[in-house]
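Visitor: Sequence and predicted model, in that order:
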Amino acid sequence: MSENYILSCESTVDLPYSYVAGRNIPVLFYTYTVDGKEYEDHMVRTKEAYDRFYKFLDDGFLPRTSQINEFKYTEYLEDLLQKGDVLHIVFGTGMTTSYLGAISAAEALREKYPERKLIVIDSTCSCTGYGLLVDIAADLRDEGKSIEEVAAWVENHKHKIGHQFFSTDMKFFRRSGRVSGVAATVASVLGICPLMCLNYDGKIVAYEKVRGVKNTINKTVDEVVAHIEKEPRHKIYISNSNCRELASEVKALIEKRLPQYKKNIHECQIGSIITAHCGPGTVAVFFVGDDRPKIS
């Protein structure tokens, strides 16, 4: 861990915990509840936790997720502040209002620890797109950039983290309210896979209807190719919720269309908190490119 400051994130980065911990990035965990019992976001820490979550879905349970409250942020951030200055990157406000709790906690803690720097940033990102942003911030930290320099880079580039995704089963998007019930129902009945993205503000937008999975994969990769940085300075992450074969098809096509990125494409699993809202059968591609669109 840097002697000067601590880079911190939340479990919805949807990177394996072993990887995040190995980069010396502390994690604040989200939780989900099933049948009155609370479980931590698994972050692929154990196969048992991963299998348990999907068994809940198979058995018809709809896990309930909740925001991180001010008290939990205060407890977590204060522990870090006792060790050094802190740059905490928060799960995007397009997905949750937890950021408000983080801001309130930070204001109180700055008064309590005036000798420390505490910077809290809304990532406006989700899933492994959020993870990609944090991953790059860790690269900059390890290059020797100051807390202010890394924070400035994150603020200036967070809207350039592309989130392109689709799902073969829209019922979870409908249940969670992330996509309108009418749009999700029509998609299911007609065999349509809506193309979806995160917009500039970090909200999910279903912006084009595509019939058939193969066509959807092709259109998804078309969008990535159109908007990604042409020089491979950063990673591409491809994440899936229990549909690795589909993700592998997406990866193979990206390698064909963007051969310069071939050695810099990494596959991940979508975590339990995000999957509670998107369900199984979702594939997402995350990359650095143009500013995300200002559409709703």
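Guide: Perfect, thanks for sending it.

Visitor: Now do the same contact list for Asn240.
Guide: Applying Cβ atoms under 8 Å, 6 or more residues apart in numbering, we find Asn240 in contact with Leu246, Ala247, Glu267, Cys268, Gln269, Ile270, Thr282, Val283, Ala284. Placement of C-beta: from N, CA and C, glycine included.

Visitor: Relative to Lys47, how far out is Val283?
Guide: Applying Cβ to Cβ, to the nearest Å, the value for Val283 to Lys47 is 21 Å.

Visitor: And these two? Which one has more around it.
Guide: Using other Cβ atoms under 10 Å as the criterion, Val283 and Lys47 rank with Val283 on top: 28 against 9.

Visitor: Please pick the buried ones from the contacts of Asn240.
Guide: The neighbour count (16 or more other Cβ atoms under 10 Å) marks Leu246, Ala247, Cys268, Gln269, Ile270, Thr282, Val283, Ala284 as buried among the contacts of Asn240.

Visitor: In this structure the second one contacts Val285, no?
Guide: So the one you mean is Ala247. No. In this structure, Ala247 is not within contact of Val285 by Cβ atoms under 8 Å, at 9.1 Å.

Visitor: Between the two, which contacts overlap?
Guide: Ile238.

Visitor: For the most centrally placed residue in the chain, list the residues it contacts.
Guide: Using Cα atoms, centre = their mean, the residue of the chain that lies closest to the mean C-alpha position is Cys127, 1.6 Å off. Shown in contact with Cys127 (Cβ under 8 Å, 6+ apart): Thr12, Val13, Asp14, His163, Ser239, Ile270, Gly271, Ile274, Ala284, Phe286.

Visitor: Just the strands from this structure, written as ranges.
Guide: 5-10, 27-28, 31-34, 37-40, 64-65, 85-90, 118-122, 161-167, 192-198, 204-211, 236-240, 265-269, 282-288 (DSSP state E).

Visitor: starting at the chain centroid, how far to the longest one?
Guide: Read that as strand 204-211. Remark: strand 204-211 is offset 19 Å from the chain centroid, using Cα atoms, centre = their mean, to the nearest Å.

Visitor: Direction-wise, compare that strand with strand 192-198 and give the angle.
Guide: In terms of direction (axes from the mean of the first three to the mean of the last three Cα atoms, to 10 degrees), strand 204-211 departs from strand 192-198 by 150 degrees.

Visitor: hang on, the earlier thing: turn the buried ones among the contacts of Asn240 into CSV, including distance to Arg257 and pLDDT.
Guide: Converted to CSV, those look like this (distance: Cβ to Cβ, whole Å; pLDDT from 0 to 100):
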residue, distance to Arg257, pLDDT
Leu246, 17, 97
Ala247, 16, 98
Cys268, 20, 96
Gln269, 24, 96
Ile270, 23, 97
Thr282, 21, 96
Val283, 16, 97
Ala284, 17, 98
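
Visitor: could you dump those to CSV with distance to Tyr54?
Guide: Shown next, in CSV, are those (distance: Cβ to Cβ, whole Å):
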residue, distance to Tyr54
Leu246, 16
Ala247, 16
Cys268, 16
Gln269, 10
Ile270, 11
Thr282, 13
Val283, 16
Ala284, 17
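
Visitor: Lys158 against Ser126, yeah?
Guide: No. Using Cβ under 8 Å, Lys158 is not in contact with Ser126; the gap is 11.5 Å.

Visitor: Neighbour count for those two, which is higher?
Guide: Ser126 (30 against 23).

Visitor: what about that one, distance to Cys278?
Guide: Taking Cβ to Cβ as the measure, Ser126 falls 10 Å from Cys278.
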